[in-house]
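J.: after the sequence you'll find the predicted model.
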Amino acid sequence: MFKILFDEYQKHKKLVLLYICLCIFASVFCGPFLNDYMPGSAVITATEDTTNVTLSEGETLSTLTQQILGNSISSIAGGYASVVAISCEPFTALLFLGIIETVNRWCGYPLDMMSTPAGNPIVLLVIAIFWAASKLMKSNETTQVFGMVTLGELEKYLGLVFILVLGVLNVTGISTGVMDAVLSAASPESVAQPQTATWVAVLSIVWSVFLAILSVAVYFIMKTVMSGIDVIQMSLSFIPGSAFFFETAKSLFAIFLITVNVIFPPLGIALNIIIFIIGCILFKSCYYAVRYFKNIYFRPLVKRIKGFDPQISLLSKKLPKRIRKYCEAEGLEIQAAMPVYPLKYVGEEKVRKYDKWWLVIADDTPYYMRKRMGKKKVRKISLPSSEQQPVYIRKGLWCYEIFSYLPDEKNLAKKYPKKAFSFALSMEYLYKNEEILQLTGYENYNLIQEAAKMTKRQQREARRMQRKEALLQKLDNVKNYFVEDKSKTGY
């Protein structure tokens, strides 16, 4: 899991650093540190208030720690408690949260909860419209895929933006709470020291920014898990009403989490931690499934609308440097490198389904590689060559499939033989199919199927002609019989 998170951080390093800078800016310039809580202000307060009793260092630290932790936990319960619910179902969670905030405002704020952008009437109306449209599409098996690649993507980014805004709001809130604790708990002498106030300010900023970054990581993990569940649900789309059942269950789950967090925050925090731990356990498998769905279904569908690029390069720019260096060390000249995803592999080595591999063609020989951690930075699996065993490329509805059958004679005699391995290749390489076949030496399975269909059609036509000839022969026999019978009787 940490390797995946680190890879995602490497991809979005600039955005993460920009968000950290924004949180620090908000905590310093939008928080309390430019007014009553500056060290100079603390000195004035300390000199004017001579009736305060000086606390011992141990008592000061104990009281300060208790109040800082108490305020921080209160802030987490109020602001970050909705992160898991928003991660699971952004549209539903934001809509329900906005309704609660609106009712709370109309009733004179009986609930002690922070205000968020979801409570804005215009924002709430827009979210309600998108929520209704998304549920209508994703609850129907026929429009589910289209809903996931359109409003589903918008929902994912809307939830992320809301989490980012929520993080900035909580950074300022926690910083303010920490400094309030400093003024109320610490002795005047300790507050009057600029070094003490500075260290407390720095620690509060670091702590609040860490929670903001953690909320983004929680959102990424939980959203990936829920997207993986959506992919699993798609495999059950042949069951009528399955999409409606899953969407209803997810909405009720998000509403339940928001309700618990608002009514009893400590229980909500405990429940969120348990759900997050379960999400961490399922994260890796769901991440592979979601990445496979995105690269095999979503991206080609978008590019299909624009039109596939006939000049697409077979040597992908995203080929990991480790694989490039490995090929250079082995003296292999790379001719093509394309991402592929294993669907099935029968062999001694374990290959995770939906993992990302690379079909590297070097010196007219196909290799299947992937990067890995540790000293052995490249993993390579050995597949039978096309001379030893036929390997096929088949064009399907959504992707190309590279596969081979088990070489058992009994298996090959079956109507649907078992496959030795199967890899999915994106439909983006539509115009490069012939070139890929030439470089790999694989066989075009679609042509083989067409030839087989042609042979079967010819066989059916031959049988039909035989039946027709037999029928004509019977008619001739019947006709000859009546002619002979007429000549005998004279009638």
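T.: Structure received.
J.: packing partners for the longest strand belonging to the chain?
T.: Criterion DSSP state E: the longest strand present in the chain is strand 334-345. Counting contacts by 3 or more CB pairs under 8 Å, 6 or more residues apart in numbering; DSSP states H and E, strand 334-345 is packed against helix 321-329, strand 357-362, strand 399-405, strand 419-426, helix 433-440. For the C-beta atoms, the positions are set from N, CA and C on the backbone; glycine is no exception.
J.: how about a cut-off of 10 Å?
T.: For strand 334-345, the elements it packs on are helix 265-293, helix 321-329, strand 357-362, strand 365-371, strand 399-405, strand 419-426, helix 433-440, judged by 3 or more CB pairs under 10 Å, 6 or more residues apart in numbering; DSSP states H and E.
J.: please identify the helix or strand for the residue positioned nearest the centre of the chain.
T.: Geometric centre of the chain, nearest residue: T224, 3.9 Å, by CA atoms, centre = their mean. Taking DSSP states H and E as the definition, T224 sits inside helix 194-235.
J.: the following helix or strand past that helix packs against which elements?
T.: Per DSSP H and E, the first helix or strand lying C-terminal to helix 194-235 is helix 242-263. For helix 242-263, the helices and strands in contact under the criterion 3+ CB pairs under 10 Å, 6+ apart are helix 57-79, helix 83-88, helix 90-106, helix 121-138, helix 144-149, helix 194-235, helix 265-293.
J.: could I get those helices as a markdown table with mean pLDDT?
T.: Output for these, formatted as a markdown table (pLDDT from 0 to 100):
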| stretch | mean pLDDT |
| --- | --- |
| helix 57-79 | 52 |
| helix 83-88 | 85 |
| helix 90-106 | 88 |
| helix 121-138 | 88 |
| helix 144-149 | 76 |
| helix 194-235 | 78 |
| helix 265-293 | 87 |
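J.: could I get the ones you listed as CSV with distance to K474?
T.: Formatted as CSV, the helices and strands packed on helix 242-263 follow (distance: least, CB to CB, whole Å):
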stretch, distance to K474
helix 57-79, 89
helix 83-88, 72
helix 90-106, 71
helix 121-138, 60
helix 144-149, 55
helix 194-235, 53
helix 265-293, 60
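J.: point out the most buried one among the ones you listed.
T.: Ranked by mean neighbour count, those are led by helix 83-88 with a mean of 27 (mean count of other CB atoms under 10 Å).
J.: show me what that one is packed up against.
T.: Against helix 83-88 (3+ CB pairs under 10 Å, 6+ apart) you get helix 90-106, helix 151-185, helix 194-235, helix 242-263, helix 265-293.
J.: want to throw these into CSV with distance to C21?
T.: As requested, these are exported to CSV (distance: least, CB to CB, whole Å):
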stretch, distance to C21
helix 90-106, 25
helix 151-185, 11
helix 194-235, 10
helix 242-263, 29
helix 265-293, 27
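J.: how far away is A424 from L412?
T.: Counting by CB to CB, to the nearest Å, the separation of A424 from L412 is 23 Å.
J.: L164: which of the helices and strands packed on strand 334-345 is closest?
T.: L164 lies closest, by CB to CB, to one member of the helices and strands packed on strand 334-345: helix 265-293, at 18.6 Å.
J.: got the angle between the closest one and strand 419-426?
T.: Interaxial angle, helix 265-293 versus strand 419-426 (axes from the mean of the first three to the mean of the last three CA atoms, to 10 degrees): 100 degrees.
J.: for the helix or strand that helix 265-293 is followed by, what is the distance to the chain centroid?
T.: Sequence order places helix 299-306 as the next helix or strand after helix 265-293, per DSSP H and E. The chain centroid and the centroid of helix 299-306 are separated by 19 Å under CA atoms, centre = their mean, to the nearest Å.
J.: what do you get for stretch 412-432?
T.: The answer for stretch 412-432 is 25 Å, by CA atoms, centre = their mean.
J.: stretch 350-369 too?
T.: On CA atoms, centre = their mean, the centre of stretch 350-369 falls 23 Å from the chain's centre.
J.: with stretch 253-269 instead?
T.: 25 Å.
J.: may I see the buried residues of it?
T.: By neighbour count on 16 or more other CB atoms under 10 Å, the buried set for stretch 253-269 is 253-255, 257-258, 260-262, 265, 268-269.
J.: among the helices and strands of the chain, which has the poorest mean pLDDT?
T.: Every helix and strand in the chain was compared by mean pLDDT, DSSP states H and E; the lowest is helix 39-48, with a mean of 37.
J.: residues contacting A420?
T.: Residues in contact with A420, defined by CB atoms under 10 Å, 6 or more residues apart in numbering, are 344-347, 383-384, 389, 391, 403-408, 411.
J.: check P366 too.
T.: Shown in contact with P366 (CB under 10 Å, 6+ apart): 335-336, 359-360, 383, 385-386, 391, 402, 436, 439-442.
J.: beta partners for it?
T.: With DSSP bridges as the criterion, P366 is bridged to I361.
J.: gap between it and I334?
T.: Separation of P366 from I334 (CB to CB): 12 Å.
J.: ditto for M1
T.: As judged by CB to CB, M1 and I334 stand 31 Å apart.
J.: what number of residues lie near E435?
T.: 13 (other CB atoms under 10 Å).
J.: repeat that for W357.
T.: Number of residues near W357 (other CB under 10 Å) recorded here: 22.
J.: about what we covered before: among the contacts of P366, which one lies nearest to V123?
T.: L359 (46.0 Å).
J.: just to check, the closest one is in contact with M369?
T.: Yes: counting by CB atoms under 10 Å, L359 touches M369, with 8.5 Å between them.
J.: need the overlap of contacts for the two.
T.: Going by CB under 10 Å, 6+ apart, residues that sit against L359 and also against M369 are A337.
J.: for V346, what are its contacts?
T.: Per CB under 10 Å, 6+ apart, neighbours of V346: 404, 406, 418-422.
J.: hmm, I typed the wrong one, I wanted E155.
T.: Applying CB under 10 Å, 6+ apart, the residues near E155 are 89-92, 94, 127, 130-131, 134, 138, 147-148, 223.
J.: out of M1 and I334, which sits in the more crowded spot?
T.: I334 (18 against 11).
J.: check what pLDDT the more buried one gets.
T.: Looking at I334, its pLDDT stands at 88.
J.: dig out what it forms beta bridges with.
T.: Taking DSSP bridges as the rule, I334 bridges to A362.
J.: and what of S426?
T.: C399.
J.: related to what we said a few turns ago, of the helices and strands packed on helix 83-88, which approaches K432 most closely?
T.: With CB to CB as the criterion, K432 lies closest to helix 265-293 of those, at 20.8 Å.
J.: ok and that closest one relative to helix 194-235, angle-wise?
T.: Here helix 265-293 points in a direction 50 degrees away from that of helix 194-235 (the same axes, to 10 degrees).
J.: distance to Q10 added to the helices and strands packed on strand 334-345, as JSON lines?
T.: Output for the helices and strands packed on strand 334-345, formatted as JSON lines (distance: least, CB to CB, whole Å):
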{"stretch": "helix 265-293", "distance to Q10": "15"}
{"stretch": "helix 321-329", "distance to Q10": "12"}
{"stretch": "strand 357-362", "distance to Q10": "18"}
{"stretch": "strand 365-371", "distance to Q10": "12"}
{"stretch": "strand 399-405", "distance to Q10": "27"}
{"stretch": "strand 419-426", "distance to Q10": "22"}
{"stretch": "helix 433-440", "distance to Q10": "29"}
